[in-house]
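*Asks:* here is a sequence with its predicted model. Questions after.
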Amino acid sequence: MITQSQVDKIKKAVERYNIFHGGESQATIIKIEGSKIYVKFEGTFCIACGADEYILDLKYELEDELNCPVKLCLMDLTKLEDYEAEAIFEIEFDKCY
């Protein structure tokens, strides 16, 4: 289960992600449930970089902030033509450092 302190760290990681990715990609937390974080991404996503790279960047921000490994469970890129993507991340609490 995620503590309030961890929720605050998740929000901080998303805020930092949004600052650094500007208009190309913005992440919004849809919900946090158990150890899973559901995130919606919106933006133009630099095609040369690949939309999946933007999603992985948030994974790294989350790991840095939480000091825990974060697993990417699902990446949905089917709505890219509408400038949207979704992802589910899972915090691996048993491997925290």
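*Replies:* Happy to help now that I have it. This one's a predicted model, so the numbers in the text were calculated from it and none came from an experiment.
*Asks:* measure the residue most central in space within the chain to D94 for me?
*Replies:* Residue closest to the mean C-alpha point of the chain, counted by CA atoms, centre = their mean, is L58 at 4.0 Å. For L58, the distance to D94 equals 22 Å [CB to CB, to the nearest Å]. No exception for glycine: its C-beta is placed from N, CA and C like everyone else's.
*Asks:* quick one on the thing from earlier: look at the closest residue to the residue nearest to the centre of the chain other than its chain neighbours and give its secondary structure.
*Replies:* Nearest residue to L58, sequence neighbours excluded (CB to CB, 6 or more residues apart in numbering): Y17, at 5.0 Å. Put simply, Y17 is helix when judged by DSSP: H, G, I helix; E, B strand; the rest coil.
*Asks:* Y17 against D57, yeah?
*Replies:* Yes - using CB atoms under 8 Å, Y17 makes contact with D57 at a distance of 6.5 Å.
*Asks:* cool, thanks, signing off.
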